[in-house]
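Visitor: The following comprises the amino acid sequence and a computationally predicted model.
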Amino acid sequence: MSHPIIFDTDPGVDDAQAIAIALRHPEIELLGLTTTYGNVDVATATRNALLLTQLAGREVPVAQGAAAPLVKARHPAPAHIHGANGLGDISLPEVTGRPDPRSAAQFIIDTVNARPGEVTLVAVGPLGNLAAALQLDPALTGKVKRVVVMGGSVYEGGNVTPVAEANIFNDPDAAARVLTAGWPLTLVGLDVTHRCVLDEAHMARIAAGQGELGRVLADSYAFYRDFYRHARGIDGCCPHDSCALAWLLRPELFTTAPGHLSVVTHGEAEGQTLFAPEGRAFIAPRWSQTPLAEACLEVDGEAVVEWIAATLG
Ligand code: RIB
Ligand code: CA
C-alpha cells in the first residue's frame, strides 16, 4: 500500500534522515516538503530540503512556510545540536532547484483538496504551517486522511525544559490548535523516540547505501552524536523524525492509546503536552474536553532503528 504524504519539516539532522526515508521508501508517495523555522531559520530549512531532494535525484515540490511562532518570540536556533547550517556544519554542494511559489499552508490546502481523504500530513517541526492551513481552510480537518506529529511527551518529560519537547515548545500556540483540531491525529513523542537509538553501525549501513546523500546523512550525524553524548550520555542518536514515518509504515512496532491532548501555552510549563486517557475521570472534566487523538506510549526501539537502517542501507 502506498501512503501519499506531505512532510512538514525543519531540517535538521534527524529531519534529513527522515526526508531521505520519505524520498526512498517504496510505500511512500512524497507529494511535497513544507518547511518551517525550528532547528534552523526557514530559508536554511528550505535550502536543506531542496538539497536533499537534489541528492536523491528526485523532483519534489518544496514550499516554504513559517518563519516565526504565532505568538511568542522566536528562540535562537539550536546550532549546538544541528550546526548553524542544520546539517552538522559539514560542507554542502550548491542547490540548483527553487522552492514552489506557494506558501507551505497554501501548498497543504491545494494538495489535500486535490485528493480528499487520501493525504497524510507528517509534521516533524514546530506546527505553524499546519495551524496556518487550518486557519485558511478549517474544513481541512475532514479532508486529510491523518495527521502524524513528531512532538510532545506523555510520561517521558521534556527535552528542552523539564516538561516540554522542542517542536511543541517552539510554537505552543500553533501546537494547541493543531493537536485539538479534531482531525485523526497520532502523536509520536519522546516516550517512543527516546527508546530508539541509532548507532554508528546503523549509520555506516546508511552511508554505504545512499551515495552522496549517504555521506551528508552520515557526516551530519557525527555532529548530532556529540550532542547526544553530552546531553544524554548515550553513544548514538535518537532519530525522532524518522519515528513518525516508522509509525506510519510499521504501526505494529508501537503501542498507542486514545486520549485527549492539550498544550500549555504560557508560564513555567509552556510547551508541555497533557494527555488525558480516554475514559479516565479527573477532578474536573476540563482535560478531557478536547477531541480524541492517539498517542504513542511504547515502542520496540531496536526494531525501529533496524527498519531505518534497512530502509536506507
Ligand atoms: O524533539 C525532537 C524534535 O526537535 C525533532 O523534530 C528534532 O528535529 C528537533 O528539532
Ligand atoms: Ca524536526
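Guide: Structure's in. What do you need? Ligands and ions are numbered 1, 2, ... in the order given.
Visitor: so what's the closest residue to ligand 1 within the stretch 151-300 of the chain up against?
Guide: At 3.6 Å from ligand 1, A166 is the closest residue in the stretch 151-300 of the chain, using CB to the nearest ligand atom. In short, each C-beta sits where N, CA and C put it, glycine included. For A166, the contacting residues are 38, 78, 151, 159-160, by CB atoms under 8 Å, 6 or more residues apart in numbering.
Visitor: Could you pull up the mean pLDDT of the helix or strand containing L50?
Guide: Following DSSP states H and E, one finds L50 within helix 42-55. Averaging pLDDT along helix 42-55 gives 98.
Visitor: quick one: buried residues of that helix?
Guide: By neighbour count with 16 or more other CB atoms under 10 Å, helix 42-55 contains the buried residues 42, 44-55.
Visitor: try stretch 256-272
Guide: 256, 259-265, 269-272.
Visitor: one step back: and the buried residues of helix 42-55 as JSON lines, adding distance to ligand 2?
Guide: Putting the buried residues of helix 42-55 into JSON lines (distance: CB to the ion, whole Å) gives the following:
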{"residue": "V42", "distance to ligand 2": "13"}
{"residue": "T44", "distance to ligand 2": "13"}
{"residue": "A45", "distance to ligand 2": "9"}
{"residue": "T46", "distance to ligand 2": "14"}
{"residue": "R47", "distance to ligand 2": "15"}
{"residue": "N48", "distance to ligand 2": "11"}
{"residue": "A49", "distance to ligand 2": "12"}
{"residue": "L50", "distance to ligand 2": "17"}
{"residue": "L51", "distance to ligand 2": "16"}
{"residue": "L52", "distance to ligand 2": "13"}
{"residue": "T53", "distance to ligand 2": "17"}
{"residue": "Q54", "distance to ligand 2": "20"}
{"residue": "L55", "distance to ligand 2": "18"}
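Visitor: which one of the residues you listed is nearest T34?
Guide: A49 (8.6 Å; CB to CB).
Visitor: who's in contact with the closest one?
Guide: 9, 11, 19, 33, 35, 62.
Visitor: Ok, L245 next?
Guide: L245 neighbours (CB under 8 Å, 6+ apart): 18, 21-22, 25, 28, 122.
Visitor: Selecting buried members of those residues in ChimeraX, what would you type?
Guide: The following ChimeraX line selects those of those that are buried, judged by 16+ other CB under 10 Å:
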select :18,21,22,25,28,122
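Visitor: and the contacts of L245, which of them are in strands?
Guide: 28, 122 (DSSP state E).
Visitor: And the helices in this structure, which stretches?
Guide: Ranges of helices in the chain, per DSSP state H, are 13-24, 42-55, 79-82, 104-114, 128-136, 166-170, 172-179, 190-193, 200-209, 211-232, 240-249, 301-312.
Visitor: centre of the chain versus the longest one, how much separation?
Guide: Pointing back at helix 211-232 there. Distance, stretch centre to chain centre, for helix 211-232: 17 Å (CA atoms, centre = their mean, to the nearest Å).
Visitor: is it true that L198 touches V305?
Guide: Yes: in this structure, L198 is within contact of V305 by CB atoms under 8 Å, at 4.9 Å.
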